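# Structure of the sequence below:
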Amino acid sequence: MTYKFATKAIHAGQQADPTTGAVMTPIYQTSTYQQASPGDHKGYEYSRGTNPTRKALEDCLAALENGKFGLAFSSGMAATDCVLRLLKPGDEVVTGDDLYGGSYRIFTQVYADYGITFRFVDCSDIQAITNAITPKTRLIWIETPTNPTLKIADLAAIGKLANSSNILYVVDNTFASPYLQNPLDFGADIVMHSATKYINGHSDVVMGALVMNDESYYKRLFFYYNACGGTPGPQDAFLTLRGLKTLHLRMQAHCAHAAVIAKFLKTHPRVEKIYWPGFSDHPGHAIAAAQMRGFGGMLSIVLKDADLEETFRIASRFKVFTLAESLGGVESLINHPATMTHGSIPKELREKVGVVDNLLRISVGIEDVEDLLQDLKEALDA
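Prediction:
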């Protein structure tokens with residue numbers, strides 16, 4: 001039987017504990033497992049490689065992304081690092097010019113030193129991606145919506161391009177979550193998540209994830225996953241599994257509240273520009289409407305006539321929104337990308353793609369939307 005999203009979120013990969021009948025997957029707080037004789041075990045040897053609590057989470061994530069294999073990591077960057085280990089010196093990567101700062105940092109300050117070339121292009125432009133591909137291109141790495149200017153990439157078009165060129169195609173699906181978007185359905189080979197964000201949803205865990213259908217990729221990635229040890233502990237896996245059970249409900253609230261707030265901010269006199277793919281005049285609106293099941297809980301604004309000092313003052317005035325790194329939790333957050341999440345990207349490159357000093361990124365939470373609107377009004381009007 002094929003189950004729908006909410007049922008999978010609550011049940012996929014999870015059965016009652018065979019020993020006690022416990023409905024919730026236990027926290028298997030153990031590093032090692034008894035073997036009847038050398039190599040004769042129950043599927044678990046050492047918890048760096050496999051752990052029953054983590055396995056339940058991985059199976060649930062795979063089900064939600066319409067994939068066959070899932071891997072959970074100690075962070076989104078550990079998941080990213082694992083994918084990059086599939087490359088070798090001389091390989092080239094095509095990726096977005098509007099990219100999470102941590103991804104840019106690992107690309108340019110870690111893997112570039114190993115002889116891998118990264119080409120940064122506007123991934124909302126399929127021709128720009130096509131033009132960047134060379135015979136050495138081995139990976140296309142996409143964010144959609146992008147962080148923080150919410151550009152939209154055409155997942156299916158890029159999937160056809162990658163497949164026809166025999167290029168590994170990876171999508172960072174963090175901003176959308178599997179509730180809104182499933183890149184594997186559009187031709188992606190691997191989906192990456194910073195599971196710290198919407199998947200966990202409660203700002204109490206740092207975790208990453210990869211999901212795929214191809215068993216050969218899974219086996220190669222599992223080797224690096226186990227050999228290099230970027231795996232999370234069972235407590236974090238338990239908390240994230242718990243968070244997943246309400247992902248569908250949380251995402252409905254995030255999307256509904258973001259729509260109300262985006263409409264309020266679009267006409268506010270202190271807002272010069274707003275980035276949110278739900279507006280019909282957003283360049284990627286039609287593609288987002290076709291490949292997503294909602295426009296998400298993220299938006300960014302550029303403050304009118306505000307220098308860095310004034311932007312800091314406004315960002316510090318909020319009472320319900322919290323000025324902090326991260327996104328996707330039940331609480332609403334304000335972020336200043338230029339000095340926080342994207343601080344590792346050189347200023348001239350940031351500004352070229354719109355990450356200016358007076359841009360604020362907003363993660364809309366699930367508080368009462370009237371309180372969020374009042375908080376925004378007071379902070380902007382003060």
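
# For this protein, name the helix or strand with the lowest mean pLDDT.
Between all helices and strands in the chain, the lowest mean by mean pLDDT, DSSP states H and E belongs to helix 347-352, at a mean of 92.

# Show me which positions of it end up buried.
Burial within helix 347-352, assessed by neighbour count using 16 or more other CB atoms under 10 Å, is assigned to residue 350. Any C-beta I mention is one placed from the backbone N, CA and C, and that applies to glycine too.

# Make sure residue 371 is actually in contact with residue 318.
No: taking CB atoms under 8 Å as the contact criterion, residue 371 and residue 318 are not neighbours in contact, 11.2 Å apart.

# In terms of neighbours, single out the busier of these two.
When neighbours are counted by other CB atoms under 10 Å, residue 371 and residue 318 differ, and residue 318 comes out ahead with 19 against 13.

# Quick check: nearest residue in space to the more buried one, chain neighbours excluded?
Of all residues not flanking residue 318 in the chain, residue 379 sits nearest, at 5.0 Å (CB to CB, 6 or more residues apart in numbering).

# Tell me who's in contact with the one you found.
If you count contacts by CB atoms under 8 Å, 6 or more residues apart in numbering, residue 379 has them with 314, 317-318, 321.

# Show me which of those residues is closest to residue 195.
Each of the contacts of residue 379 was checked against residue 195 using CB to CB; the closest is residue 321, at 22.9 Å.

# middle-most residue in this protein, spatially?
residue 174 (1.6 Å; CA atoms, centre = their mean).

# Just want the phi and psi numbers for the spatially closest residue to it that is not a sequence neighbour.
Excluding its sequence neighbours, the residue lying closest to residue 174 (CB to CB, 6+ apart) is residue 194, at 4.6 Å. Listed backbone geometry of residue 194 is phi -80, psi 100, with angles given as degrees, to the nearest 10.

# Could you list everything residue 194 pairs with in the sheet?
Taking DSSP bridges as the rule, residue 194 bridges to residue 208.

# What are the boundaries of the strands in this structure?
69-73, 92-96, 117-121, 137-143, 168-172, 190-194, 208-212, 271-275, 298-303, 322-323, 333-335, 359-363 (DSSP state E).

# Buried deepest among the ones you listed, which one?
For those, average neighbour numbers computed from mean count of other CB atoms under 10 Å are highest in strand 190-194, which has a mean of 29.

# Now do that strand and strand 69-73, the angle between them.
Going by axes from the mean of the first three to the mean of the last three CA atoms, to 10 degrees, strand 190-194 is angled at 30 degrees with respect to strand 69-73.

# what distance separates strand 190-194 from the centre of its chain?
Computed by CA atoms, centre = their mean, to the nearest Å, the chain-centroid distance of strand 190-194 equals 6 Å.

# And stretch 342-360, by the same measure?
For stretch 342-360, the separation from the chain centroid amounts to 20 Å (computed by CA atoms, centre = their mean).

# do the same with stretch 154-163
For stretch 154-163, the distance between its averaged C-alpha position and the chain's averaged C-alpha position is 19 Å (CA atoms, centre = their mean).

# quick one: contacts of that stretch?
123-124, 126, 129-130, 133, 140, 142, 144, 167-169, 171, 181, 183, 186-189, 287, 291.

# With stretch 60-69 instead?
For stretch 60-69, using CB under 8 Å, 6+ apart, the contacting residues are 5, 8-9, 12-14, 58, 70, 72, 173, 178-179, 182-185, 191, 193, 195, 199, 209, 211-213, 215, 218, 241, 244, 247.

# Can you list the residue ranges for helices in the stretch 201-350 of the chain?
With DSSP state H, counting those that start in this stretch, the ranges of helices along the stretch 201-350 of the chain come out as 215-228, 234-244, 247-266, 285-291, 308-315, 347-352.

# Worst mean pLDDT among those?
Ranked by mean pLDDT, the helices of the stretch 201-350 of the chain bottom out at helix 347-352, which scores a mean of 92.

# my guess is the residue nearest to residue 174 meets residue 76, correct?
Yes: using CB under 8 Å, residue 194 is in contact with residue 76, at 3.0 Å.

# hey, what's in contact with both of these two?
Once CB under 8 Å, 6+ apart is applied, the residues that residue 194 and residue 76 both contact turn out to be 174, 207-208.

# Alright, that wraps it up for me.
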